[in-house]
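K.L.:
Return a 3D structure for these sequence lines:
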Amino acid sequence: MDKVQDIVNEITSGVKTQLAKDTRKKSNTMVRVLAVIGFIVVVAGACYALYRFLRPDEYEDYDDDVYDDDYEDEDGTVD
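P.N.:
Numbering: from 1, shown residues only. Next up is the predicted model:
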């Protein structure tokens, strides 16, 4: 009876070991996928921050009064 019990224990321990290996493989894959996604998000955020910081400020050069002279009045004369 002890031999049968030993065989059953060996089989169940082998199955448990195989399940543990499969679980580790799945978790390693998930960690890698999440790491790649995180890296992409960080790089995209850094690029966007650099773009916002380094792009020229176009609103400083804009003058509202420049284009007011181009419109005609109702009588056809230019202001």
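
K.L.:
Just give the number of residues close to residue 25.
P.N.:
10 (other Cβ atoms under 10 Å). Backbone N, C-alpha and C define where each C-beta goes, glycine included.

K.L.:
Kindly report the same for residue 39.
P.N.:
Residue 39 has 10 nearby residues by other Cβ under 10 Å.

K.L.:
What of residue 20?
P.N.:
Counted with other Cβ under 10 Å, residue 20 comes out at 10.

K.L.:
so it is in which element?
P.N.:
Using DSSP states H and E, the element containing residue 20 is helix 2-54.

K.L.:
What's the mean pLDDT across that helix?
P.N.:
Averaging pLDDT along helix 2-54 yields 83.

K.L.:
Quick check: residue 17 vs residue 11, distance?
P.N.:
11 Å (Cβ to Cβ, to the nearest Å).
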